[in-house]
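Colleague: Task: produce atomic coordinates for the following.
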Amino acid sequence: MDDSVDDRLKEVVPRDAIVREIEAVREKLVEMRKHPKSPSEREAIFRQLLQLDLCDTILHDVHIIW
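Modeller: Numbers count the residues shown, from 1 in each chain. From the prediction side, this is the model:
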């Protein structure tokens, strides 16, 4: 990787900490999904789980690039 690009890529928060937070939130959402209070809550949980999957994918892809 070019040195000028390398200088700009810095971890502000360690990747492992972010992954742990994603997993903790995912566990809570999965538990909430078992007993949704309404159809709109079920949809919101589904969207949030998708967003977590997207974040996880981005972290994985960026980690591979580094």
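Colleague: Taking the centroid of this protein, which residue is nearest it?
Modeller: For the chain, Cys55 is the residue whose C-alpha lies nearest the centre (Cα atoms, centre = their mean; 3.3 Å).
Colleague: Distance check, that one against Arg20.
Modeller: To Arg20, Cys55 is 13 Å away according to Cβ to Cβ, to the nearest Å. Glycine gets a C-beta too; all of them are placed from N, C-alpha and C.
Colleague: you'd agree the residue nearest to the centre of the chain is up against Glu21?
Modeller: No - the pair Cys55 / Glu21 is not scored as a contact, 9.5 Å apart, by Cβ atoms under 8 Å.
Colleague: Who are the packing partners of the helix or strand hosting the residue nearest to the centre of the chain?
Modeller: Using DSSP states H and E, Cys55 sits within helix 39-65. Under the contact criterion of 3 or more Cβ pairs under 8 Å, 6 or more residues apart in numbering; DSSP states H and E, helix 39-65 touches helix 15-34.
Colleague: where are the low-confidence patches of the chain?
Modeller: Low-confidence segments of the chain (pLDDT under 70): 1-11, 63-66.
Colleague: could you redo the last one with a cut-off of 80?
Modeller: Residue ranges of the chain with pLDDT under 80: 1-12, 62-66.
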